[in-house]
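**Q** Prediction below, plus the sequence it came from.
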Amino acid sequence: MGGVSAVPPPRSEAGPAAASPGSRRSLATALILGAAGAAVVLLASGQTWARGDAPVGGGALPLTADGGDVSGVPTALAIVGLAALVAVFAVRSAGRFFVAALLTLCGAGVAVAAFAGASDSSALDEKAATTAGNTAATIESLSHTAWPYVAAFGGVLILLAGVLALRYGKQWPAMSSRYERDGTPRPRRPRTAPDPERPEEIWKALDRGEDPTREA
């Protein structure tokens with residue numbers, strides 16, 4: 001028998017595009033957690049966080065403070081975290097790690113700021129001083145709602161999304177990969193002479209800088 005060289009079977013190369021079921025689950029989970037967490041924080045920040053009475057004359061005027069009055073940090077970090085969640089899929093390698101780390105820090109920052117706001121009285125003290133016309137006036141009968149803790153819960157959701165991105169982000173596909181050109185020159189479509197019976201084609205040719213009287 002003549003020498004027959006055995007052709008080795010083609011190797012199966014599983015690239016980043018061939019995502020495993022586990023990575024797809026982590027991807028979906030991170031998206032849900034991050035988006036839900038940001039939505040919860042934005043919703044909670046617009047609600048009443050604290051109530052109290054401002055001493056005015058011989059009586060008291062009820063005042064309220066929403067999350068934005070108490071602290072603008074949770075809202076700002078939730079928006080940054082949402083942007084970082086989207087950016088995770090637009091970058092690769094080290095860039096993805098840093099964006100995932102930013103997402104994690106945003107979640108942690110939201111949780112810390114919201115917990116701090118759950119016992120804050122400075123926003124209502126400022127309103128009381130303005131209402132009473134006395135800089136020394138402070139809020140009385142101060143009480144807080146559960147909305148700061150709801151915002152903190154949203155921050156924890158964003159934090160978990162960041163942890164998933166740090167742990168499994170290398171296995172996730174990149175959004176930009178399908179839009180990148182591979183360097184192969186694209187064939188140019190042949191240009192045909194405009195139909196003289198259709199004036200709009202002649203105008204289009206003139207707009208492109210072509211000579212409509214030249215034959216193709």
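**A** Cool, got the structure.
**Q** Strands of this protein, residue ranges please.
**A** 48-56, 59-66, 140-144 (DSSP state E).
**Q** Mind putting the ones you listed into a markdown table with distance to Ala118?
**A** Where C-beta positions appear, they are placed from N, C-alpha and C, glycine not excepted. Below are the strands of the chain laid out as a markdown table (distance: least, CB to CB, whole Å):
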| stretch | distance to Ala118 |
| --- | --- |
| strand 48-56 | 8 |
| strand 59-66 | 12 |
| strand 140-144 | 6 |
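**Q** Of these, which stretch is the most buried?
**A** strand 48-56 (a mean of 20; mean count of other CB atoms under 10 Å).
**Q** Once you drop chain neighbours, what's closest to Ser141?
**A** Distance criterion CB to CB, 6 or more residues apart in numbering; nearest residue to Ser141, sequence neighbours excluded, is Asp53 at 4.8 Å.
**Q** Low-confidence bits of this protein, can you list those?
**A** 1-22, 174-216 (pLDDT under 70).
**Q** Helices along that one, start to end?
**A** 21-45, 67-70, 73-87, 93-117, 122-132, 147-168, 199-207 (DSSP state H).
**Q** so can I have JSON lines of the ones you listed showing distance to Glu140 and mean neighbour count?
**A** Output for the helices of the chain, formatted as JSON lines (distance: least, CB to CB, whole Å; neighbours: other CB atoms under 10 Å):
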{"stretch": "helix 21-45", "distance to Glu140": "25", "mean neighbour count": "19"}
{"stretch": "helix 67-70", "distance to Glu140": "17", "mean neighbour count": "22"}
{"stretch": "helix 73-87", "distance to Glu140": "26", "mean neighbour count": "21"}
{"stretch": "helix 93-117", "distance to Glu140": "19", "mean neighbour count": "20"}
{"stretch": "helix 122-132", "distance to Glu140": "8", "mean neighbour count": "19"}
{"stretch": "helix 147-168", "distance to Glu140": "20", "mean neighbour count": "23"}
{"stretch": "helix 199-207", "distance to Glu140": "73", "mean neighbour count": "13"}
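**Q** Tabulate these in TSV, adding columns for distance to Gly58.
**A** Listed next are the helices of the chain as TSV, based on distance: least, CB to CB, whole Å:
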stretch	distance to Gly58
helix 21-45	35
helix 67-70	27
helix 73-87	38
helix 93-117	32
helix 122-132	12
helix 147-168	32
helix 199-207	78
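**Q** so which of the ones you listed comes closest to Gly59?
**A** Closest approach to Gly59 among the helices of the chain (CB to CB): helix 122-132, 11.0 Å.
**Q** now that closest one and strand 48-56, what's the angle there?
**A** Angle of helix 122-132 versus strand 48-56, following axes from the mean of the first three to the mean of the last three CA atoms, to 10 degrees, is 30 degrees.
**Q** Can you list the neighbours in contact with helix 122-132?
**A** The contact list for helix 122-132 (CB atoms under 8 Å, 6 or more residues apart in numbering) reads 50-52, 54-56, 61, 63-65, 69-70, 135-140, 142.
**Q** repeat that with 10 Å
**A** Applying CB atoms under 10 Å, 6 or more residues apart in numbering, the contact partners of helix 122-132 are 49-57, 60-61, 63-71, 117, 121, 134-140, 142, 144.
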